[in-house]
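[1] The following comprises the amino acid sequence and a computationally predicted model.
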Amino acid sequence: MILSDRDIKKAIAQGRIKVDPVPDYATSLGSCSLDLRLGNEARVFRPSKTTHIDVRHMQEAEKMMEELVIPDGEPLVLHPGDLVLATTLEWLEIADDLIGRIEGRSSLGRLGVIVHGTASIFDAGWKGKPVMELGNLGEVPVILWPGMRICAFTFEELSSPAEVPYTNKKAGKYAGQATPLASQFAKEDK
């Protein structure tokens, strides 16, 4: 069951969902979602230094990408075909009996901006700054600004609390991330 606006506020008041800084409900709370804002940290591929990506040999994933810190008042220019890993401004914690889903905002989608390629689910017990897989499917660059509402989160109740929450999973590679990490695919059991 997807939480309604009143249930999202209730879950935040109960500490089942923690958002820091605390959201302004007047601008960020939808009927069944909570908007989060674009943070100042991003990671981009360095195509001039990367000939290809071999998912079997990703020991050098961090070297394929460059960290960016976007100062307040300066934009992030998302060019057509770009893939940028970027954090939200907010830190998010999800209780062991909920999951979160990150979704794009319609107004940005109509400009060609997507916020996730495949990674939409934030498992029960997840903690950290959500990382988006920002892409520009359009034909012209789109300028994004730190602090703007960039994505919407929905929350769903599980039938029971997770037996092993994300932060306790051996495979929880992105637990507690505060900056956008490059792919940790090399750490998976194969």
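    Good, I have the coordinates.
[2] Next, give phi and psi for the closest residue to residue 46 other than its chain neighbours.
    Of all residues not flanking residue 46 in the chain, residue 66 sits nearest, at 5.3 Å (Cβ to Cβ, 6 or more residues apart in numbering). For every residue, glycine as well, the C-beta is placed using N, CA and C. Main-chain torsions, residue 66, degrees, to the nearest 10: phi -120, psi 140.
[3] quick one, longest helix in the chain?
    helix 5-14 (DSSP state H).
[4] neighbouring contacts of it?
    3, 17-19, 22-23, 25, 29-34, 95, 98, 155 (Cβ atoms under 8 Å, 6 or more residues apart in numbering).
[5] Could you count how many residues lie near residue 54?
    8 (other Cβ atoms under 10 Å).
[6] OK, contacts around the residue nearest to residue 46?
    Counted by Cβ under 8 Å, 6+ apart, residue 66 has contacts 43-46.
[7] Let's see that with 10 Å instead.
    With contacts defined as Cβ atoms under 10 Å, 6 or more residues apart in numbering, residue 66 is in contact with 42-46, 49.
[8] Select only the buried ones of those residues in ChimeraX?
    The command below creates a ChimeraX selection of those among the contacts of residue 66 that count as buried (16 or more other Cβ atoms under 10 Å):
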select :42,43,44,45
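[9] Run through the strands of the chain in chain order.
    With strands called from DSSP state E, the chain shows them at 17-20, 34-45, 65-69, 76-78, 83-88, 91-94, 98-104, 113-114, 121-122, 127-128, 131-136, 142-144, 149-157.
[10] beta partners of residue 149?
    Here residue 149 sits in beta bridges with residue 37, going by DSSP bridges.
[11] Just the pLDDT at it, thanks.
    pLDDT for residue 149: 97.
[12] So for the residue lying farthest from the centre of the chain, what's the pLDDT?
    Centroid-distance maximum for the chain: residue 51 at 26.8 Å, with Cα atoms, centre = their mean. Looking at residue 51, its pLDDT reads 74.
[13] same question, residue 74
    pLDDT for residue 74: 97.
[14] Which residues lie in contact with the closest residue to it other than its chain neighbours in this structure?
    Nearest non-adjacent residue to residue 74, counting by Cβ to Cβ, 6+ apart: residue 146, 7.7 Å away. Residues near residue 146 by Cβ under 10 Å, 6+ apart: 37-42, 69-76, 86-87, 89.
[15] sorry, back to before: now tabulate the strands of the chain in TSV and tack on distance to residue 164.
    What follows is the strands of the chain, written out as TSV (distance: least, Cβ to Cβ, whole Å):
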stretch	distance to residue 164
strand 17-20	20
strand 34-45	26
strand 65-69	30
strand 76-78	36
strand 83-88	25
strand 91-94	14
strand 98-104	14
strand 113-114	30
strand 121-122	15
strand 127-128	14
strand 131-136	22
strand 142-144	36
strand 149-157	18
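[16] That concludes my questions; thank you for your assistance.
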